[in-house]
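Visitor: How does the following fold in three dimensions:
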Amino acid sequence: MRGFGDLEAAIMDRLWVRGEPATVREILTDLERELAYTTVLTVVDNLFKKGWLRREPAGRAHRYTPTASRGEYGARLMREALAESGDPAQAMLRFVGEMSAAEADTLRAALAAYEKGTQR
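Guide: Below you'll find the predicted structure:
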């Protein structure tokens, strides 16, 4: 898995923010860019084929919904980065070393919540 391209990321962002299924026309309107309908249709179809979107019929069109949350997408990217680093422990150490105090606090809270949830 690789990160989204620029237009893929913009489309996914609009769908995550929207929080409800959208047609290609609605996505195009939300993007606030000068793009051809067919360009957005092609990228949305590619995201569907890659498994990032699901679709349901809506008249002659389809309504699209993300198959993963923004957080799940971020977690997949981090997991891939660790796997491809060659040395996951070293990559994690460097990543943590670059965190702000607030980010480190967030990480500690997430680890504590995870550990609490797995010890039931």
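Visitor: mind listing the strands for this structure?
Guide: For the chain, strands defined by DSSP state E occupy the ranges 53-58, 61-66.
Visitor: and among these, the most buried is which?
Guide: Neighbour counts averaged per stretch over the strands of the chain are highest for strand 61-66, at a mean of 18; criterion: mean count of other Cβ atoms under 10 Å. (C-beta placed from N, C-alpha, C; glycine too.)
Visitor: circling back: export the strands of the chain as JSON lines, with columns for mean pLDDT and distance to Leu35.
Guide: Below are those laid out as JSON lines (pLDDT from 0 to 100; distance: least, Cβ to Cβ, whole Å):
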{"stretch": "strand 53-58", "mean pLDDT": "97", "distance to Leu35": "17"}
{"stretch": "strand 61-66", "mean pLDDT": "97", "distance to Leu35": "16"}
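Visitor: any chance of the ones you listed in a markdown table, plus distance to Val96?
Guide: Listed next are the strands of the chain as a markdown table, based on distance: least, Cβ to Cβ, whole Å:
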| stretch | distance to Val96 |
| --- | --- |
| strand 53-58 | 33 |
| strand 61-66 | 29 |
